[in-house]
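# Show me how the following folds:
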Amino acid sequence: MIRMLAGPAIGFLIAFAAVSAWQTTMPVTVLMRPHAWSLAGGAATATVAGYKLRDCSVVADSFVGFARTGGVWQEDVPFDFPGDRSPNSSKPSALQKQSFGKWRWNLAAYPGATYVKMTMQHLCGDDVRLSVFGPWELPKPGSLTPNHTGLPAK
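Below you'll find the predicted structure:
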């Protein structure tokens, strides 16, 4: 009888360990891509879309903007979500691509910035996860197209 239960018990333990490992390493979002860039008034704005895999809440006011100038990443670049009345809210997880709205980096103090990125914290159960979005290459002035993805050139 014990031998009959040993196989399924071992299988359950392996499956449980695999699911636990996946949950601790699985990112909150994937394939986040900017499009419809705008460079105006010293700011870079893009609409960002992607996939949210986990139902984790946003840690309020944990957004940190970055800009790369002269090959060096500058931290605490002013960042916001223009037009979003509830920036600390969280989208539901979904298996389909969804829009995460407009994202804006104020680059007035960072002339010549070539890349931007943003980090935020998510609360996943009792675990605080740091999510990194980017780096995304800024379009060159005069080269804006609606489909500019901001992905680094290969």
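
# Dig out what the residue positioned nearest the centre of the chain forms beta bridges with.
Residue closest to the mean C-alpha point of the chain, counted by CA atoms, centre = their mean, is Phe133 at 3.5 Å. Assessed by DSSP bridges, Phe133 has beta-bridge partners Met118.

# wait, isn't it in contact with Val48?
Yes: between Phe133 and Val48 there is a contact under CB atoms under 8 Å: 7.1 Å. C-beta: built from backbone N, CA, C; applies to glycine.

# hey, what's in contact with both of these two?
Common neighbours of Phe133 and Val48, counting by CB atoms under 8 Å, 6 or more residues apart in numbering, are 32, 103.

# what sits against Thr45?
37-39, 82, 102-105.

# Apologies, that question was intended for Tyr51.
Tyr51 sits next to 29-32, 94-98 when contact means CB under 8 Å, 6+ apart.

# Going by secondary structure, it is in what exactly?
strand 43-52 (DSSP states H and E).

# I'd like the next helix or strand past the worst-scoring helix or strand of the chain on mean pLDDT.
Least confident element among the helices and strands of the chain, by mean pLDDT, DSSP states H and E: helix 2-25 (a mean of 60). Using DSSP H and E, the helix or strand that follows helix 2-25 in sequence is strand 29-40.

# burial measure for the closest residue to Val48 other than its chain neighbours, as a count.
Nearest residue to Val48, sequence neighbours excluded (CB to CB, 6 or more residues apart in numbering): Phe100, at 4.7 Å. For Phe100, the neighbour count with other CB atoms under 10 Å is 17.

# partner strands of the helix or strand Phe100 falls within, parallel or antiparallel?
Assigned by DSSP H and E, Phe100 belongs to strand 98-106. When pairing is defined by DSSP bridges, strand 98-106 lines up against strand 43-52 (antiparallel), strand 79-80 (antiparallel).

# how about the CA coordinates for it, as PDB?
Only the C-alpha atoms of strand 98-106 are listed here, as PDB (Å, rounded to 0.1, in the frame of the first residue of the first chain):
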ATOM      1  CA  GLN A  98      -3.400  45.100 -23.200                       C
ATOM      2  CA  SER A  99      -2.600  48.800 -23.100                       C
ATOM      3  CA  PHE A 100      -0.900  50.200 -20.000                       C
ATOM      4  CA  GLY A 101      -1.600  53.800 -21.100                       C
ATOM      5  CA  LYS A 102       0.800  56.700 -21.700                       C
ATOM      6  CA  TRP A 103       4.100  56.900 -19.900                       C
ATOM      7  CA  ARG A 104       6.100  60.100 -19.700                       C
ATOM      8  CA  TRP A 105       9.700  60.900 -18.700                       C
ATOM      9  CA  ASN A 106      10.500  64.600 -18.100                       C
END
